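> Need the 3D shape of this:
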Amino acid sequence: MLKKMTFEQPTKWDQYLPALLFAYREVPQDSLGFSPFELLYGRTVRGPMQVLRQLWTEEESNDEIRTTAEHVIDLRNRIEETCKIARDHLAKSAIRQAHFYDKKTKKRELIVGTRVLLLLPTKHNKLELAWKGPYVIEEQINSFDYKIKVGRQTRVYHINLLREYHEREMIAEPEKLPEEVVEQSAIVVEDLEEQDDEIFANMGPDPSILIPSTKRTENEKDVHVADTLTARQQREVRDACTEFSASLTDVPKATTLEICNIKMTDDRPVYVKPRPIPHALVDVVEREVKEMLDLKVIEPATSPYNAPIVIVKKAQGKAVRFCNDFREANKVIENDAEPITDVEHLFSELADARYFSKLDLTKGYWAIPIKEEDRDKTAFTTSLGQMRWINMPFGLKTAGSVFNRMMRKLLGPLNRKDVYHFMDDILIATATWEQHIEAIKAVLKALKDANLAAKPSKCYFGYEQLQYLGHEIGRGKRWPVDDKVDKIQKAQPPTTKKELRAFLGLTGFYRIYVPAYSSIATPLTDKTKKQEPEKVKWTPACQVAFDTLKTKLAEQPIIQMPDHTLPYILRTDASDKGMGAVLLQDKGEGLQPIAYASKKLSETEQKYATVEKECLATVWGIQKFERYLYGRHFILETDHQPLQYLQRMKPTNARLMRWALQLQPYVFTVKIIPGKDNIGADYLSRATMN
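Numbering: from 1, shown residues only. Coordinates of the predicted model:
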């Protein structure tokens, strides 16, 4: 009521408070059926409505003359009758409210002797609750209350404060580590990106760690040159590689372009206790530590800091990767605001490219030195003593930003719009061969001048179709990599949250190729919520979503790379519970998709009128693809007739007017098309609902 009053009378609302309270006296309470005034005084309150009625009908109040005794008896009877009716109303309201409150509740029952977790206040804050236990149920009092012994006291707790405790299943008794292993300091994990049931079986007795050799084993002859190039073009590539052979090696180098500063919010040293390392890897780790000492990427240290070693097993061969667990240190390391390359923007610049080349730096992170006074913060323990990093290791929170800044300093001075990068993956994309060989030489020279190296076996030159950042690119298009799609097709229904997240991570990487991906995957993403059990309860809806995602990616979806010289066409549509948008271009082969987008409508938005939903879909679609549409004329195609008047409408609907004003910075023409032609956007909007 106060909100309404301040809205209608923003400057004089306080002057209307007496009138508001006068009117509020006669408002009946929903559960009781009477106003508090009536229950207190036993008579009908004379409010503004009765006053108005008397004024309009000119009725006069009928003053009945009674004795004091008669008045008291009558007043008592009225109050008793009113209270009786109010109690009946209250009982009915309680039943109705309980019905709605308990609508989604589930009946739970625990057996005496069951181990449970209790929701209890924490030691540091009595207002903050946390699950503690496990405790054992000693007695069931009734359907909802249980007697549990906590410490020395036995108390009664409601079932809403209890959660059944499930113990983890132990597959096998862990082997006791020999004494000489306990002093080692590493944890061994499996590389989640390349899962394989035979990883541990294939490791063998003498695995090797992925540390570059101090001796050069690859040179300019190991680069890959496209067979589709002419003999002259292949010779030009080989000559360029020979000229800058110092930049093509598998031995990492160190640059002076950038230095790694590790700034912490807390001066207290971050020390994490070393973890045991398997006996089979002790000699291997020791050997590789010596190699890193020879490479001058680490050095002996005496530091109060410590970050445990992490050995990541690779899926193929016997190789493992040497890393550090900097999670605790990362909590107090200051953020670095250096932006990372926008992958979608990168792909949007490749429409006209015919020739592609890519280079992968040799241990790019190791090329950046750490500031002398910050090196102690990277210390770790080995059997050869404590070591610290001289050059930037993997795992630091700011490592990606520092490396991206170095790449910007490396490639920025070239002033070339045909050279791109994402972290240590450099991409050269040109329309002509002359531009391409010139760009290759410029990049190789920049690497040489900066004392950086690209790994020859990971360099590909002169291809018309190339894998880059998990996508196949070429001929103005991009599509998923076949190997990744095959892995998705072979995936079995997940049984745990970890497996489900891995599947969603793999399919989510290719979500841009799947119309209405978020809607299709909803039954699966719901199973990853915190309150869901670790063992996934697989439902028919989950199976449908699982199969649909696999089917969509098996259809070899292809999307066009945007050509900024051609006009864009945006199609939007809205249904009862969702909206969708498709960005299209015609490159001579008919309209082809550039990108898809879909979104569920909120409960409030679902109540909009049809024209408002269609307008909302238009505004949302334009803002979604703003990076393509802003500053250029485009065509908006829709099957809803009223939208053609959106730009010249009269201000009769505040919401539509507000949206019309939001679209003023954009230049577009509305084109009405039949509903049968608006298939893409219509499907996206309805897939969101289904």
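> what mean pLDDT would you report for the biggest helix by length in the chain?
Taking DSSP state H as the criterion, the chain has its longest helix at helix 68-101. For helix 68-101, mean pLDDT is 82.
> Any buried residues in stretch 532-544, and which?
V536, W538, C542 (16 or more other Cβ atoms under 10 Å). All C-beta spots, glycine's among them, are computed from the backbone N, C-alpha and C.
> can you give me the strands for the stretch 1-150 of the chain?
With strands called from DSSP state E, counting those that start in this stretch, the stretch 1-150 of the chain shows them at 115-121, 129-140, 145-150.
> Tell me the helices and strands packed up against the second one.
Applying 3 or more Cβ pairs under 8 Å, 6 or more residues apart in numbering; DSSP states H and E, one finds that strand 129-140 contacts strand 115-121, strand 145-150.
> distance between the helix or strand following the shortest one and the chain's centre?
Going back to what we said before, that points to strand 145-150. Following strand 145-150 in sequence order, the next helix or strand is strand 153-158 (DSSP states H and E). In this view, strand 153-158 has its centroid 41 Å away from the chain centroid, taken as Cα atoms, centre = their mean, to the nearest Å.
> Any regions of the stretch 51-200 of the chain where pLDDT drops low?
60-64, 168-200 (pLDDT under 70).
> looking at the chain, which helix or strand does the model trust least?
Taking mean pLDDT, DSSP states H and E as the measure, the chain has helix 199-202 as its least confident helix or strand, at a mean of 32.
> closest one to W479 among the helices and strands packed on strand 129-140?
W479 lies closest, by Cβ to Cβ, to one member of the helices and strands packed on strand 129-140: strand 115-121, at 48.2 Å.
> quick one, that closest one and strand 129-140 angle?
On the basis of axes from the mean of the first three to the mean of the last three Cα atoms, to 10 degrees, strand 115-121 is oriented at 130 degrees to strand 129-140.
> Show me which positions of strand 115-121 end up buried.
Neighbour-count burial for strand 115-121 flags V116, L117, L118, L120 (criterion: 16+ other Cβ under 10 Å).
> and R155, what is it in contact with?
K147, I148 (Cβ atoms under 8 Å, 6 or more residues apart in numbering).
> and Y305, which of the helices and strands packed on strand 129-140 is closest to it?
strand 115-121 (35.3 Å).
> Would you reformat the helices and strands packed on strand 129-140 as CSV and include distance to I65?
Listed next are the helices and strands packed on strand 129-140 as CSV, based on distance: least, Cβ to Cβ, whole Å:
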stretch, distance to I65
strand 115-121, 64
strand 145-150, 59
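> what's the closest of those strands to D424?
With Cβ to Cβ as the yardstick, what comes closest out of the helices and strands packed on strand 129-140 is strand 115-121 (45.8 Å).
> Okay, angle between that closest one and strand 153-158 too, please.
Angle, strand 115-121 to strand 153-158, by the same axes, to 10 degrees: 90 degrees.
> can you give me how far strand 115-121 is from the chain middle?
Distance, stretch centre to chain centre, for strand 115-121: 31 Å (Cα atoms, centre = their mean).
> can you check stretch 339-357 too?
Stretch 339-357 has its C-alpha centroid displaced from the chain centroid by 23 Å (Cα atoms, centre = their mean).
> Would you mind listing the buried residues in it?
For stretch 339-357, by 16+ other Cβ under 10 Å, it's L346, F347, S348, E349, L350, A351, A353, Y355, F356, S357.
> re the thing from before, now the strands of the stretch 1-150 of the chain as JSON lines including distance to Y608?
Output for the strands of the stretch 1-150 of the chain, formatted as JSON lines (distance: least, Cβ to Cβ, whole Å):
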{"stretch": "strand 115-121", "distance to Y608": "40"}
{"stretch": "strand 129-140", "distance to Y608": "39"}
{"stretch": "strand 145-150", "distance to Y608": "47"}
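> With respect to P274, which of those strands lies nearest?
Of all those, the one in closest proximity to P274, counting by Cβ to Cβ, is strand 129-140 (29.4 Å).
> who wins for proximity to H158 among the helices and strands packed on strand 129-140?
Nearest to H158 among the helices and strands packed on strand 129-140 is strand 145-150 (5.9 Å), distances taken as Cβ to Cβ.
> quick one: which of the helices and strands packed on strand 129-140 is nearest H471?
Smallest distance to H471 across these (Cβ to Cβ): 45.3 Å, for strand 115-121.
> Which strands or helices does that closest one pack on?
Applying 3+ Cβ pairs under 8 Å, 6+ apart, one finds that strand 115-121 makes contact with strand 129-140, strand 145-150, strand 162-164.
> now these in a markdown table, with distance to R232 and mean neighbour count?
Output for the helices and strands packed on strand 115-121, formatted as a markdown table (distance: least, Cβ to Cβ, whole Å; neighbours: other Cβ atoms under 10 Å):
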| stretch | distance to R232 | mean neighbour count |
| --- | --- | --- |
| strand 129-140 | 71 | 14 |
| strand 145-150 | 83 | 16 |
| strand 162-164 | 73 | 17 |
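> got the ones you listed as CSV, with distance to W479 columns?
Below are those laid out as CSV (distance: least, Cβ to Cβ, whole Å):
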stretch, distance to W479
strand 129-140, 47
strand 145-150, 58
strand 162-164, 46
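> Mind checking these for the one nearest to V332?
V332 lies closest to strand 129-140 among the helices and strands packed on strand 115-121, at 23.8 Å (Cβ to Cβ).
> Tell me how far that closest one lies from the chain's centre.
Per Cα atoms, centre = their mean, the centroid offset for strand 129-140 relative to its chain is 34 Å.
> now the angle between strand 145-150 and that strand, please.
Interaxial angle, strand 129-140 versus strand 145-150 (the same axes, to 10 degrees): 110 degrees.
> count of residues packed around S93?
By other Cβ atoms under 10 Å, 15 other residues sit near S93.
> Hmm, it is touching P28, no?
No - taking contacts as Cβ atoms under 8 Å, S93 lies outside contact range of P28: 11.8 Å.
> Quick check: neighbours shared by these two?
Common neighbours of S93 and P28 are not found (criterion: Cβ under 8 Å, 6+ apart).
> follow-up on the earlier one: which pair of the buried residues of stretch 339-357 spans the longest distance?
The span of the buried residues of stretch 339-357, defined through Cβ to Cβ, is set by S348 and S357 at 19.3 Å.
> Where does pLDDT dip in the stretch 201-350 of the chain?
201-214, 313-320.
> quick one: average pLDDT of stretch 632-641?
Taken as a whole, stretch 632-641 has a mean pLDDT of 82.
> Now that stretch - C-alpha only, PDB.
Only the C-alpha atoms of stretch 632-641 are listed here, as PDB (Å, rounded to 0.1, in the frame of the first residue of the first chain):
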ATOM      1  CA  ARG A 632      25.600  -1.700 -40.500                       C
ATOM      2  CA  HIS A 633      22.300  -2.100 -42.200                       C
ATOM      3  CA  PHE A 634      20.600  -5.500 -41.800                       C
ATOM      4  CA  ILE A 635      17.300  -7.200 -42.600                       C
ATOM      5  CA  LEU A 636      15.000  -8.400 -39.900                       C
ATOM      6  CA  GLU A 637      12.800 -11.200 -41.100                       C
ATOM      7  CA  THR A 638       9.800 -12.200 -39.000                       C
ATOM      8  CA  ASP A 639       6.400 -13.800 -39.500                       C
ATOM      9  CA  HIS A 640       4.600 -11.400 -37.200                       C
ATOM     10  CA  GLN A 641       3.000  -8.600 -39.100                       C
END
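> What residues sit buried inside stretch 429-436?
For stretch 429-436, burial by neighbour count (16+ other Cβ under 10 Å) applies to A429, T430, W433, Q435, H436.
> tell me the phi and psi of the second one?
I take that to be T430. phi -130, psi 160 (degrees, to the nearest 10).
> shouldn't it be in contact with L350?
No - with contact defined as Cβ under 8 Å, T430 does not count as touching L350 (10.1 Å).
> In helices only, show me the buried residues of stretch 532-544.
The helices, defined by DSSP H, take in C542 from the buried residues of stretch 532-544.
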